[in-house]
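In: Give me the fold of what follows.
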Amino acid sequence: MKVHNTLGNGFQEVIYQRCLAIELEKAKVAFKREVEQTIYYDQKNVGTRRADFVVEQKIIVELKALINLEDVHLAQAKNYVVAYDFPVGLLINFGAVSLQYKKVFNPKYRV
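Out: Presented below is the predicted three-dimensional model:
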């Protein structure tokens, strides 16, 4: 929230990503940026995708800088938690007037 409160909306996603990395470092939160993951289909490598952040080796964080989140963005975040085999992810949109965020779950881990 501090990043959005400081910058507001209107910047490119990479600017918010860099600022969030600064805030995570200041808070001493373990994270990796732009983590690449191989995507498989029928046991064949079909390409790679990069998650914006992996936080504490537990949470995938996907950032957006859009006027509004849509279902396709939520689907992308859900796909990442499945592909990376994490139980939970967070989709954050800095592009709206108010910060938007959605928690997403890997169905494999749901009780």
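
In: With adjacent residues omitted, what lies nearest to the residue nearest the centre of the chain?
Out: When Cα atoms, centre = their mean is applied to the chain, the residue found nearest the centroid is residue 62 (1.3 Å). Counting by Cβ to Cβ, 6 or more residues apart in numbering, residue 77 is the residue found nearest to residue 62 once chain neighbours are left out, at 4.6 Å. Heads up, the C-betas are built off the backbone N, CA and C, glycines and all.

In: How about residue 103?
Out: Nearest in space to residue 103, with sequence neighbours left out and distances taken as Cβ to Cβ, 6+ apart, is residue 90 at 5.9 Å.

In: And residue 58, by the same measure?
Out: Counting by Cβ to Cβ, 6+ apart, residue 58 lies nearest to residue 86, which is 6.6 Å off, once chain neighbours are set aside.

In: so that neighbour makes contact with residue 59?
Out: Yes: taking contact to mean Cβ atoms under 8 Å, the distance of 6.6 Å between residue 86 and residue 59 places them in contact.
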